[in-house]
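Chemist: Curious how this folds, go ahead:
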Amino acid sequence: MPIQPVIMQIIPELSAGGAEQGCIDVAAALVQNGAQAIVVSHGGSRIHELDRVGAVHINLPVHSKNPLTIAANIKKLRKIIHRYNVHIVHARSRAPAWSAYYACKKTNAHFMTTCHAPYNVQGETKRLYNSVMTKGQRVIAISAHVAHDIQKNYRIDPDVIRLVHRGIALEKFHPSAVTPERLVKLSNEWRVPDGANIIMLPGRLTRWKGHHVLIEAIEKLGRDDVFCVLIGSDQGRTKYREELEQTITEKNLGGKVRIVDHCNDMPSAYMLSTVAISASTDPEGFGRVPVEAQALGRPIIATDHGGARETVLPGETGWLVPPGDSGALASALNEVMALNPHQRAVLGTRGMAHVAANFTREIMTGKTLDVYAELLNQRIEAAQKRAQSFHS
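Modeler: Numbers count the residues shown, from 1 in each chain. Predicted coordinates:
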């Protein structure tokens with residue numbers, strides 16, 4: 001009878017975010033395929049999702065960057081590895097990765113990582129801290145952009161890197177999944193003017209997300225038929241939010257640009273929009289907004305760098321514009337709003353097909369499980385060699 005694989009993922013917290021969603025999706029796929037899935041985190045609002053899919057959650061302060069806490073976590077993780085006979089430890093963030101890396105030593109567990117973004121390499125201390133993400137026997141990069149970055153900045157064997165793009169749940173991000181009632185409810189909440197072209201930028205309120213670039217583009221458009229929604233929490237960055245609100249007021253855009261703290265129904269938000277925007281001034285490791293927008297058949301304008309280059313097909317499913325260029329963004333917005341219904345339908349269909357072929361949850365989890373299988377096969381081969389050596 002084959003041994004049940006035991007895979008332990010480690011992530012700081014289970015809250016909102018792409019890394020967290022991927023962790024939960026992979027845990028569900030493991031259970032569905034007969035493996036035992038363990039997730040170690042400092043808790044969070046999404047633990048119940050692990051319970052629902054049949055995964056085990058263990059609470060440890062793996063979110064902490066305190067060296068003493070990281071050191072204490074090594075012993076705790078090693079006990080968990082022995083207790084559950086863990087075969088693979090998969091770290092998804094730097095602080096917990098250091099604990100996991102040393103915990104795996106003196107055990108039979110394989111250590112692997114996922115790099116979710118390019119890491120800041122300013123200073124040798126920062127470089128050393130980041131380097132743990134390249135120490136895995138396998139290193140998953142969520143985009144070719146991230147893979148190139150870690151090869152450029154760290155001495156890593158390219159043969160250990162595996163490209164696994166993030167994936168989304170098509171049963172959630174599909175036009176047929178969004179009811180008219182949900183659209184009406186959200187439209188009323190946003191107080192959308194009748195007949196307005198809705199320009200939407202989802203993303204937490206932090207400067208590099210490019211909100212100010214979009215506001216400048218709206219001003220340059222000079223159109224009265226647009227309504228721009230900036231969706232995202234300031235997460236305590238109140239000064240930046242105040243700066244954005246002041247800019248909106250100074251440009252007399254109060255009736256055209258609105259900041260919305262949070263949206264619990266993003267599929268409906270995309271469906272309401274005429275166009276979705278990803279205006280990040282720094283390159284994103286992957287960027288879910290372009291993929292989610294295309295999955296729902298909506299035009300996307302994204303900045304021409306980072307992961308967006310791998311997810312947007314310029315001229316077919318959306319537009320790529322230079323980062324920080326409000327004029328180019330305004331020009332692309334005008335092109336979107338000039339599309340006739342047939343052109344929008346063709347673009348939307350292409351986008352939906354593009355996502356279905358490349359960026360689904362099933363593709364992402366399948367490729368991740370393939371990486372686990374590589375390491376498990378190494379384990380089996382090593383055991384067979386030991387057995388042959390013993391009997392010879």
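Chemist: need the contact list for residue 13.
Modeler: With contact taken as Cβ atoms under 8 Å, 6 or more residues apart in numbering, residue 13 is in contact with 20, 41, 42, 43, 44, 63. Every C-beta, even on glycine, is put in place using the N, C-alpha and C of the backbone.
Chemist: On the three-state scheme, residue 89 is what?
Modeler: Using DSSP: H, G, I helix; E, B strand; the rest coil, the three-state assignment for residue 89 comes out as strand.
Chemist: Could you check the pLDDT of it?
Modeler: What the model reports as pLDDT for residue 89 is 98.
Chemist: For it, list each beta-bridge partner.
Modeler: Counting by DSSP bridges, residue 89 is bridged to residue 8, residue 111.
Chemist: any idea how far residue 218 is from it?
Modeler: 47 Å (Cβ to Cβ, to the nearest Å).
Chemist: between the two, which one's more packed in?
Modeler: Per other Cβ atoms under 10 Å, whichever of residue 89 and residue 218 has more neighbours is residue 89, with 30 against 22.
Chemist: my guess is that one meets residue 103, correct?
Modeler: Yes. With contact defined as Cβ atoms under 8 Å, residue 89 reaches residue 103; the gap is 7.0 Å.
Chemist: Need the residues touching each of those two.
Modeler: Counting by Cβ under 8 Å, 6+ apart, the common neighbours of residue 89 and residue 103 are 77, 81, 109.
Chemist: excluding its backbone neighbours, what's nearest the first one?
Modeler: Meaning residue 77. Nearest residue to residue 77 in three dimensions, chain neighbours excluded: residue 103, at 3.7 Å (Cβ to Cβ, 6 or more residues apart in numbering).
Chemist: what's near enough to touch that neighbour?
Modeler: Here residue 103 is in contact with 73, 74, 75, 77, 78, 81, 89, 109 (Cβ under 8 Å, 6+ apart).
Chemist: one more time with 7 Å, if that's ok
Modeler: Taking Cβ atoms under 7 Å, 6 or more residues apart in numbering, we find residue 103 in contact with 74, 77, 78, 81.
Chemist: Narrow these to those in helices?
Modeler: 74, 77, 78, 81 (DSSP state H).
Chemist: Could you count how many residues lie near the third one?
Modeler: Neighbourhood size, residue 78 [other Cβ under 10 Å]: 21.
Chemist: Ok, the second one next?
Modeler: Neighbour count for residue 77, taken as other Cβ under 10 Å: 28.
Chemist: Quick check, it in contact with residue 99.
Modeler: Yes. Between residue 77 and residue 99 there is a contact at 5.6 Å, judged by Cβ atoms under 7 Å.
Chemist: wouldn't residue 365 be in contact with residue 29 here?
Modeler: Yes. Counting by Cβ under 7 Å, residue 29 is a contact partner of residue 365 at 3.7 Å.
Chemist: picking that back up, you'd agree the residue nearest to residue 77 is in a helix?
Modeler: Yes. When three-state DSSP is applied, residue 103 is found to be in a helix.
Chemist: Show the residue spans covered by the strands in the stretch 201-350 of the chain.
Modeler: Taking DSSP state E, counting those that start in this stretch as the criterion, the stretch 201-350 of the chain carries its strands at 226-231, 257-260, 275-278, 300-303, 318-321.
Chemist: Likewise for the stretch 51-200 of the chain?
Modeler: 56-59, 88-91, 110-115, 138-141, 161-163, 197-202.
Chemist: most tightly surrounded among those strands?
Modeler: strand 88-91 (a mean of 28; mean count of other Cβ atoms under 10 Å).
Chemist: Now do that one: which elements does it pack against?
Modeler: If contacts are counted by 3 or more Cβ pairs under 7 Å, 6 or more residues apart in numbering; DSSP states H and E, strand 88-91 sits against strand 6-10, helix 94-104, strand 110-115.
Chemist: would JSON lines of those with mean pLDDT be doable?
Modeler: Listed next are those as JSON lines, based on pLDDT from 0 to 100:
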{"stretch": "strand 6-10", "mean pLDDT": "97"}
{"stretch": "helix 94-104", "mean pLDDT": "96"}
{"stretch": "strand 110-115", "mean pLDDT": "96"}
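Chemist: Tell me which of those sits nearest to residue 242.
Modeler: helix 94-104 (31.2 Å; Cβ to Cβ).
Chemist: Just the angle for that closest one relative to strand 6-10, thanks.
Modeler: Using axes from the mean of the first three to the mean of the last three Cα atoms, to 10 degrees, one finds that helix 94-104 and strand 6-10 are set 140 degrees apart in direction.
Chemist: Mind exporting the C-alpha coordinates of helix 94-104 to CSV?
Modeler: Provided in CSV are the C-alpha atoms of helix 94-104 (Å, rounded to 0.1, in the frame of the first residue of the first chain):
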residue,chain,number,x,y,z
ARG,A,94,10.9,34.8,3.9
ALA,A,95,10.6,34.9,7.7
PRO,A,96,8.9,31.5,7.9
ALA,A,97,11.2,30.2,5.2
TRP,A,98,14.3,30.7,7.5
SER,A,99,12.6,28.7,10.2
ALA,A,100,11.5,26.0,7.8
TYR,A,101,14.9,25.8,6.1
TYR,A,102,16.7,24.9,9.3
ALA,A,103,13.9,22.8,10.6
CYS,A,104,14.2,20.5,7.6
